[in-house]
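Trainee: Can you look at this prediction? I've put the sequence above it.
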Amino acid sequence: MKDSRRISVRFDLSDPNQRKVYEALHEIDRAEHGSMSAFAIKAIGEYLDRLSYNGRFDFTLDDIRALFREEIRELDLAPREAAPAFTPPAEMTEEQRQENDRNVLETLDMFT
């Protein structure tokens, strides 16, 4: 059996930053980064390497949070496929056309 230890990280999903990190961790490309644990360990390790000075570490919880934000920012979280744009039906009744025109004008009014 491996000599391993376990810790838990708790995310407060009502906090927008923590929710963003939580969701991003669940979206990582596992083929590229491995598991969430492997990704987090690598990210924290690289951050600690930058902070180390003669074998000593001087970091705070805010530093670790900043590390997660920085690493998550580099993830590609864009949707894989764009949703098709809405195309109104080719055949619209006069009433539907007028309703569509009203909706378009109302939307444009928001920008004036």
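Mentor: Arrived safely.

Trainee: Name the nearest residue to the spatially most central residue of the chain, sequence neighbours excluded.
Mentor: What sits nearest the mean C-alpha location of the chain, by Cα atoms, centre = their mean, is residue 24, with 3.8 Å. The shortest distance from residue 24 to any non-neighbouring residue, by Cβ to Cβ, 6 or more residues apart in numbering, is to residue 72 (4.3 Å). Using the backbone N, CA and C atoms, a C-beta is placed for each residue, glycine as well.

Trainee: Would you mark the buried spots in the helix or strand containing that neighbour?
Mentor: Element membership for residue 72, per DSSP states H and E: helix 61-73. Neighbour-count burial for helix 61-73, counted by 16 or more other Cβ atoms under 10 Å, picks out 64, 67-68, 71-72.

Trainee: again with stretch 40-52
Mentor: Buried residues in stretch 40-52, counted by 16+ other Cβ under 10 Å: 40, 43, 47.

Trainee: Pick out the lowest-pLDDT one from the residues you listed.
Mentor: Across the set of the buried residues of stretch 40-52, residue 47 stands lowest in pLDDT, at 79.

Trainee: Now do the contacts for the residue lying farthest from the centre of the chain.
Mentor: In terms of distance from the mean C-alpha position of the chain, residue 94 ranks first, at 43.7 Å (Cα atoms, centre = their mean). By Cβ atoms under 8 Å, 6 or more residues apart in numbering, the contact set of residue 94 is empty.
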